[in-house]
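Engineer: this one's sequence-less:
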């Protein structure tokens with residue numbers, strides 16, 4: 001049979017290709033709806049006003065992330081082995097069956113779930129939008145139109161009235177009167193301010209997301225060049241090094257939830273031990289430290305390659321154990337427990353009730369934008385350093401590259417991001433009724 005026919009016979013049918021890509025896009029659409037909604041719906045099962053359930057709600061985010069990471073770990077060790085060594089059909093069939101079982105279990109609890117029942121209120125998007133429109137329309141109105149008696153009675157948001165004061169003008173009619181011409185209610189203004197307060201926190205966490213993107217890229221490339229042998233003949237796949245992040249998360253979440261939180265709670269008298277913003281800030285600090293460690297390890301790797309004359313031999317293994325990379329992976333995992341889970345709880349808790357799934361989508365967007373920023377930063381640095389006569393920081397030959405410079409740059413950006421975050425976090429005003 002002709003060779004071309006053999007090649008043609010290996011090509012899958014057009015229908016199979018269409019079904020394959022349809023399945024991939026269906027997964028993406030499903031994840032887009034599932035990820036932000038599943039946490040919001042799960043957390044809604046707890047009554048935040050009840051002291052006992054309020055504590056359980058905070059723990060829910062810890063154990064949800066624990067379950068996600070545990071599932072990922074099983075996938076890495078079990079399903080990857082099945083797909084590579086047994087059968088791809090079985091490898092996809094097992095999670096398919098698991099999802100069907102999960103859906104059935106979920107449906108069995110339909111009658112026991114708590115649901116948020118909304119009245120005939122306007123959409124939160126409409127309410128918040130009207131606040132900005134009314135405030136813009138009344139921008140010429142003086143603050144004196146809102147007298148101090150209203151503030152004393154609590155008509156205005158007593159704690160946040162001085163923040164974003166321009167939005168208070170949405171309470172007045174265009175002519176400055178305070179009668180029935182009031183366009184927006186006080187609660188509408190508070191909602192708009194709550195949403196507006198989120199954006200400085202969102203923006204200052206982008207540096208963390210940019211650092212977060214490196215664990216699956218350059219860390220893995222470093223591992224490929226190093227000695228990955230353990231014991232007699234066993235070699236660790238470079239991509240499997242990421243499992244140390246997952247292991248760190250799985251180990252540290254129970255420690256955080258069962259040991260750290262009770263101790264912190266006894267000291268601070270807060271239901272969650274520390275505030276959500278303190279938790280996020282701690283994780284950002286740890287990610288900064290992980291970048292410093294990554295830079296120091298890379299400097300040692302480059303020095304070792306130079307000492308053994310491997311600068312121009314990229315395919316030769318650098319005689320330095322891959323275990324040197326483990327601390328930065330573990331620190332990444334611990335920082336995730338603080339920042340990742342803290343961001344989930346924060347963006348769920350600090351938005352209007354009807355926008356909780358949107359709040360979690362906003363949290364997810366941090367990491368999407370962070371990945372884009374990481375790619376943009378790498379592209380700019382590569383073009384800039386490639387023409388200085390010394391070679392790019394991201395040379396294909398890592399022994400001639402300078403990932404250490406890049407890690408130091410990320411550590412610096414992370415430190416600046418942390419300082420900016422602390423500035424906004426210090427002045428952040430939590431929503432009314434928030435106890436954490």
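Structural biologist: Arrived safely. This is a predicted model, so every value here is computed, not measured. Residues are numbered from 1 along each chain as shown.
Engineer: Run through the strands of this structure in chain order.
Structural biologist: Using DSSP state E, the strands of the chain run over 226-227, 229-230, 234-235, 318-321.
Engineer: Check those strands for me and report the most buried one.
Structural biologist: strand 226-227 (a mean of 20; mean count of other Cβ atoms under 10 Å). To be clear about C-beta, it is placed using only N, CA and C from the backbone, and glycine gets the same treatment.
Engineer: elements contacting that one?
Structural biologist: Secondary-structure packing of strand 226-227 (3 or more Cβ pairs under 8 Å, 6 or more residues apart in numbering; DSSP states H and E): strand 318-321.
Engineer: Show me what the strand it packs on is packed against.
Structural biologist: Other elements packing on strand 318-321 under the criterion 3+ Cβ pairs under 8 Å, 6+ apart are strand 226-227, helix 276-307.
Engineer: circling back: ranking the strands of the chain by mean pLDDT, which is last?
Structural biologist: Lowest mean pLDDT within these: strand 234-235, a mean of 78.
Engineer: and stretch 315-332, which residues are buried?
Structural biologist: The neighbour-count check on stretch 315-332 (16 or more other Cβ atoms under 10 Å) flags 318, 320, 322, 324-325, 327-332 as buried.
Engineer: Please measure how far the first residue of it sits from its last one.
Structural biologist: 28 Å (Cα to Cα, to the nearest Å).
Engineer: swap in stretch 316-329?
Structural biologist: 24 Å.
Engineer: Could you list the low-pLDDT ranges of the chain?
Structural biologist: Per-residue confidence for the chain (pLDDT under 70) gives these ranges: 1-10, 48, 84, 117-121, 141-162, 173-183, 387-390, 432-436.
Engineer: 50 - rerun?
Structural biologist: For the chain, applying pLDDT under 50 flags the ranges 1-8, 148-153, 157-158, 181, 434-436.
Engineer: How about residue 335: what's its closest non-neighbour residue?
Structural biologist: Distances taken as Cβ to Cβ, 6 or more residues apart in numbering put residue 286 closest to residue 335, at 3.7 Å, once the chain neighbours are dropped.
Engineer: these two touch, right, that neighbour and residue 330?
Structural biologist: No - the pair residue 286 / residue 330 is not scored as a contact, 10.2 Å apart, by Cβ atoms under 8 Å.
Engineer: Quick check on residue 427: phi, psi?
Structural biologist: phi -100, psi 0 (degrees, to the nearest 10).
Engineer: That one: neighbour count?
Structural biologist: The tally of other residues near residue 427 (other Cβ atoms under 10 Å) stands at 9.
Engineer: Contact partners for it?
Structural biologist: Residue 427 is in contact with residue 163, counting by Cβ atoms under 8 Å, 6 or more residues apart in numbering.
Engineer: how close does it sit to residue 277?
Structural biologist: Residue 427 is 11 Å from residue 277, where distance means Cβ to Cβ, to the nearest Å.
Engineer: same check, this time on residue 202
Structural biologist: Distance from residue 202 to residue 277, by Cβ to Cβ: 13 Å.
Engineer: tell me the contacts of residue 431?
Structural biologist: By Cβ under 8 Å, 6+ apart, the residues touching residue 431 are 190, 194, 349-350.
Engineer: Residue 39 versus residue 75, what's the distance?
Structural biologist: According to Cβ to Cβ, residue 75 and residue 39 sit 20 Å apart.
Engineer: before we move on, what about residue 255?
Structural biologist: Separation of residue 255 from residue 39 (Cβ to Cβ): 22 Å.
Engineer: Those two: which is more packed in?
Structural biologist: When residue 255 and residue 39 are compared for neighbours, residue 39 comes out ahead with 24 against 12, by other Cβ under 10 Å.
Engineer: related to what we said a few turns ago, the more surrounded of residue 202 and residue 277?
Structural biologist: residue 277 (20 against 17).
Engineer: Neighbours of the closest residue to the more buried one other than its chain neighbours, how many?
Structural biologist: Take residue 277 and drop its neighbours on the chain: the residue closest to it by Cβ to Cβ, 6+ apart is residue 425, 4.3 Å away. Neighbour count for residue 425, taken as other Cβ under 10 Å: 18.
Engineer: Cross-check the contact I'm expecting between residue 425 and residue 201.
Structural biologist: Yes - assessed by Cβ under 8 Å, residue 425 is found in contact with residue 201 at 6.9 Å.
Engineer: so what sits against both of those two?
Structural biologist: Common contacts of residue 425 and residue 201 (Cβ under 8 Å, 6+ apart): 277, 280.
Engineer: coming back round to it: of all the strands of the chain, which lies closest to residue 366?
Structural biologist: strand 226-227 (31.1 Å; Cβ to Cβ).
Engineer: ok, the closest one: who's next to it in the sheet?
Structural biologist: Sheet partners assigned to strand 226-227 using DSSP bridges are listed as strand 318-321 (parallel).
Engineer: Pull the distance from the strand it pairs with to the chain's centre.
Structural biologist: How far strand 318-321 lies from its chain's middle: 33 Å, per Cα atoms, centre = their mean, to the nearest Å.
Engineer: Need the contact partners of it.
Structural biologist: Outside strand 318-321, the residues touching it (Cβ under 8 Å, 6+ apart) are 225-227, 300-301, 304-305, 308, 310, 399.
Engineer: OK, contacts around the residue nearest to residue 335?
Structural biologist: 331, 334-335, 338-339.
Engineer: Adding distance to residue 14, write those residues out as CSV.
Structural biologist: Conversion of these to CSV gives the following (distance: Cβ to Cβ, whole Å):
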residue, distance to residue 14
331, 48
334, 48
335, 46
338, 49
339, 45
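Engineer: sorry, back to before: what distance do you get for the residue nearest to residue 277 to residue 419?
Structural biologist: Distance check for residue 425 against residue 419: by Cβ to Cβ, it reads 11 Å.
Engineer: what does residue 272 give?
Structural biologist: Noted for residue 272: a distance of 24 Å to residue 419, by Cβ to Cβ.
Engineer: So between these two, which is more surrounded?
Structural biologist: residue 272 (24 against 10).
Engineer: for that one, phi and psi?
Structural biologist: Per degrees, to the nearest 10, the backbone of residue 272 is at phi -100, psi 10.
Engineer: so what's it up against?
Structural biologist: Residue 272 makes contact with 55, 58, 261, 265, 279, 345, 436 under the criterion Cβ under 8 Å, 6+ apart.
Engineer: Skipping adjacent residues, who's closest to the third one in space?
Structural biologist: Beyond its immediate neighbours in the sequence, the residue positioned closest to residue 261 (Cβ to Cβ, 6+ apart) is residue 273, lying 4.0 Å away.
Engineer: Help me confirm that the one you found comes into contact with residue 264.
Structural biologist: Yes - counting by Cβ under 8 Å, residue 264 is a contact partner of residue 273 at 3.1 Å.
Engineer: Which residue of those two possesses the greater neighbour count?
Structural biologist: Neighbour count, other Cβ under 10 Å: between residue 273 and residue 264, residue 273 has more, with 22 against 17.
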